[in-house]
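Colleague: No sequence on hand, only this structure:
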Ligand SMILES: Nc1ncnc2c1ncn2[C@@H]1O[C@H](COP(=O)(O)OP(=O)(O)OP(=O)(O)O)[C@@H](O)[C@H]1O
Ligand SMILES: O=C(O)[C@@H](O)C(=O)CO
């Protein structure tokens with residue numbers, strides 16, 4: 001009934017678990033499902049794409065392909081375009097073009113949305129996005145390696161990426177149950193994209209009910225949860241499978257503030273740690289060989305290792321200035337993907353990956369077609385049981401408590 005298209009892999013797991021938590025049977029695919037595959041019985045299908053930072057035309061083409069697949073499999077009654085709760089995109093970014101293309105293809109005049117996800121500390125008020133207590137543009141998102149966010153006013157951010165006008169449904173209108181009325185007014189005034197305020201899950205539930213019949217909706221996991229609550233089956237979902245076990249390894253390519261803390265906690269706890277240094281070696285294959293040779297030499301019983309490229313903002317900028325932003329990201333993503341492949345060949349059955357782009361590279365390198373959503377190690381961070389014989393934990397850069405990577409890899 002809901003077909004979600006997510007612009008990165010950690011975002012896809014976040015939205016999948018938000019819907020599953022409300023009792024929807026949710027199927028997750030990494031990339032377009034293989035030819036001829038039929039989804040098992042479901043209430044929601046999530047297709048994870050890696051379109052957040054790729055060239056615009058590719059992002060649009062891949063998103064439209066996902067839409068065609070959802071339509072062909074009867075999963076497009078309501079389509080949800082999942083973007084980041086911190087609206088990660090460049091000025092030249094892909095959220096606007098992808099929304100334009102989906103709305104045109106579905107002939108939808110108005111799309112309601114919000115990145116608000118209170119469970120992750122993201123809230124929207126009067127169209128401004130807050131991260132915890134501060135505006136988005138004043139948060140650590142200013143220092144993001146690929147999508148630094150320096151503005152906080154959502155209509156302005158989206159209008160910079162689309163030729164269409166954007167508007168706001170205020171918190172007062174949400175709480176006054178006037179969402180539908182306000183959307184109708186904005187549509188009359190030629191507004192196509194509308195950001196709906198939300199400070200709490202209950203606001204998202206009100207909006208979810210108002211939007212239950214909308215054909216195209218967008219935002220982060222919060223509003224998807226609100227919609228799922230509106231569609232929820234009375235009997236609720238199956239309990240998730242138990243946590244996986246077996247040898248674990250942590251791969252971190254996220255440079256987000258929370259991941260840096262989580263990496264520090266692992267190192268302080270004495271876990272073996274190996275940093276991939278793109279300035280010392282620019283060849284992803286040889287970076288990966290170095291990391292795997294280090295892994296092979298680890299004495300038994302040392303605890304699950306950490307292989308990472310995460311750097312704090314000043315050191316990160318040094319690498320980006322020396323190698324270029326895209327090139328350095330590409331080298332490290334490819335290297336971590338190759339490391340993941342090598343680790344699985346060596347018997348690792350629990351792969352924990354930090355960062356959306358990083359997780360996209362890791363999952364693609366491992367050739368995982370999709371999986372079953374398991375228990376959550378942290379809010380929005382579920383284990384994914386794959387048909388490949390191992391489980392994945394894909395952690396969004398800023399999600400989880402500081403001890404998450406250490407705990408999950410015990
Ligand atoms: N040392 C480094 N030098 C340059 N780029 C790096 C370095 N380490 C990581 N990167 C790149 O930074 C990007 C981090 O993005 P990623 O999406 O993985 O993390 P995130 O943005 O924190 O996560 P999320 O999208 O889930 O919030 C990746 O493309 C990664 O390859
Ligand atoms: O919405 C979020 O913050 C996450 O699901 C995400 O998209 C991280 O890349």
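Modeller: Noted; the coordinates are in hand. All values derive from a computational prediction rather than experimental measurement. Ligands and ions are numbered 1, 2, ... in the order given.

Colleague: CA only for contacts and neighbour counts going forward, please
Modeller: Noted.

Colleague: Let me know how buried the residue of the chain found nearest ligand 2 is, in neighbour terms.
Modeller: Using CA to the nearest ligand atom, the single residue of the chain nearest to ligand 2 is residue 11, 3.2 Å away. By other CA atoms under 10 Å, the residues close to residue 11 number 28.

Colleague: give me the beta-bridge partners of residue 165?
Modeller: Taking DSSP bridges as the rule, residue 165 bridges to residue 191.

Colleague: if we can go back for a sec, the residue of the chain closest to ligand 2: what's it in contact with?
Modeller: Residues near residue 11 by CA atoms under 8 Å, 6 or more residues apart in numbering: 48, 82, 83, 84, 220, 221, 356, 396.

Colleague: just checking: which of those residues also lie near ligand 2?
Modeller: 83, 84, 220, 221, 356, 396 (CA under 6 Å from any ligand atom).

Colleague: picking that back up, read off the pLDDT value for the residue of the chain closest to ligand 2.
Modeller: At residue 11, the pLDDT value in this model is 96.

Colleague: gap between it and ligand 1?
Modeller: Residue 11 sits 7 Å away from ligand 1, going by CA to the nearest ligand atom, to the nearest Å.

Colleague: Check which element follows the strand or helix carrying that residue along the chain.
Modeller: Taking DSSP states H and E as the definition, one finds residue 11 inside helix 9-21. Toward the C-terminal end, the helix or strand that comes next after helix 9-21 (DSSP H and E) is strand 26-30.

Colleague: Now do that next one against helix 9-21, angle only.
Modeller: 170 degrees (axes from the mean of the first three to the mean of the last three CA atoms, to 10 degrees).

Colleague: what packs against strand 26-30?
Modeller: helix 9-21, strand 44-48, strand 370-378 (3 or more CA pairs under 8 Å, 6 or more residues apart in numbering; DSSP states H and E).

Colleague: any chance of the ones you listed in a markdown table, plus distance to residue 166?
Modeller: Listed next are the helices and strands packed on strand 26-30 as a markdown table, based on distance: least, CA to CA, whole Å:
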| stretch | distance to residue 166 |
| --- | --- |
| helix 9-21 | 23 |
| strand 44-48 | 26 |
| strand 370-378 | 33 |
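
Colleague: Residue 33 falls within a helix, correct?
Modeller: No. Counting by DSSP: H, G, I helix; E, B strand; the rest coil, residue 33 falls outside a helix, being coil.

Colleague: since we're on it, how many residues are nearby?
Modeller: Here the number of neighbours of residue 33 (other CA under 10 Å) works out to 18.

Colleague: Spell out which residues of this protein are next to ligand 2.
Modeller: Looking at ligand 2, the residues of the chain close enough under CA under 6 Å from any ligand atom are 8, 10, 11, 14, 83, 84, 85, 86, 220, 221, 356, 396.

Colleague: run the last query once more with 5 Å
Modeller: 11, 14, 84, 85, 220, 356, 396 (CA under 5 Å from any ligand atom).

Colleague: Out of the residues you listed, which is nearest to residue 410?
Modeller: Checking the residues of the chain next to ligand 2 against residue 410 by CA to CA gives residue 396 as the nearest, at 19.4 Å.

Colleague: what's the distance between the closest one and ligand 1?
Modeller: Taking CA to the nearest ligand atom, one finds residue 396 at 3 Å from ligand 1.

Colleague: quick one: contacts for that residue?
Modeller: For residue 396, counting by CA under 8 Å, 6+ apart, the contacting residues are 10, 11, 354, 355, 356, 381.

Colleague: Tell me which helix or strand residue 280 sits in.
Modeller: Counting by DSSP H and E, residue 280 is part of no helix or strand.

Colleague: Three-state assignment for the residue nearest to residue 60 when sequence neighbours are not counted, please.
Modeller: Sequence neighbours aside, residue 98 is the residue nearest to residue 60 in space, at 5.0 Å (criterion: CA to CA, 6 or more residues apart in numbering). Assigned by three-state DSSP, the conformation of residue 98 is helix.

Colleague: OK, contacts around residue 98?
Modeller: So, once contact is read as CA under 8 Å, 6+ apart, residue 98 ends up touching 59, 60, 63.

Colleague: any idea how far it lies from ligand 1?
Modeller: Distance from residue 98 to ligand 1, counting by CA to the nearest ligand atom: 17 Å.

Colleague: Please apply the same query to residue 60.
Modeller: On the measure of CA to the nearest ligand atom, residue 60 and ligand 1 end up 19 Å apart.

Colleague: Same question for residue 40.
Modeller: Distance, residue 40 to ligand 1, by CA to the nearest ligand atom: 27 Å.

Colleague: nearest spatial neighbour of that residue, skipping sequence neighbours?
Modeller: Nearest to residue 40 is residue 27, by CA to CA, 6+ apart, at 7.5 Å.

Colleague: which residues does the one you found bridge with?
Modeller: Beta-bridge partners, per DSSP bridges, of residue 27: residue 45.

Colleague: Run through the strands of the stretch 251-400 of the chain in chain order.
Modeller: Per DSSP state E, counting those that start in this stretch, the stretch 251-400 of the chain carries strands over the ranges 273-275, 306-308, 350-354, 370-378, 381-385, 391-395.

Colleague: Contacts only, for residue 364.
Modeller: Residue 364 sits next to residue 337 when contact means CA under 8 Å, 6+ apart.

Colleague: pLDDT value on it, please?
Modeller: 96.

Colleague: Direction included, what does the helix or strand where residue 80 lies pair up with?
Modeller: Per DSSP H and E, residue 80 falls inside strand 78-82. Strand 78-82 has its sheet partners listed here by DSSP bridges as strand 2-6 (parallel), strand 216-219 (parallel).
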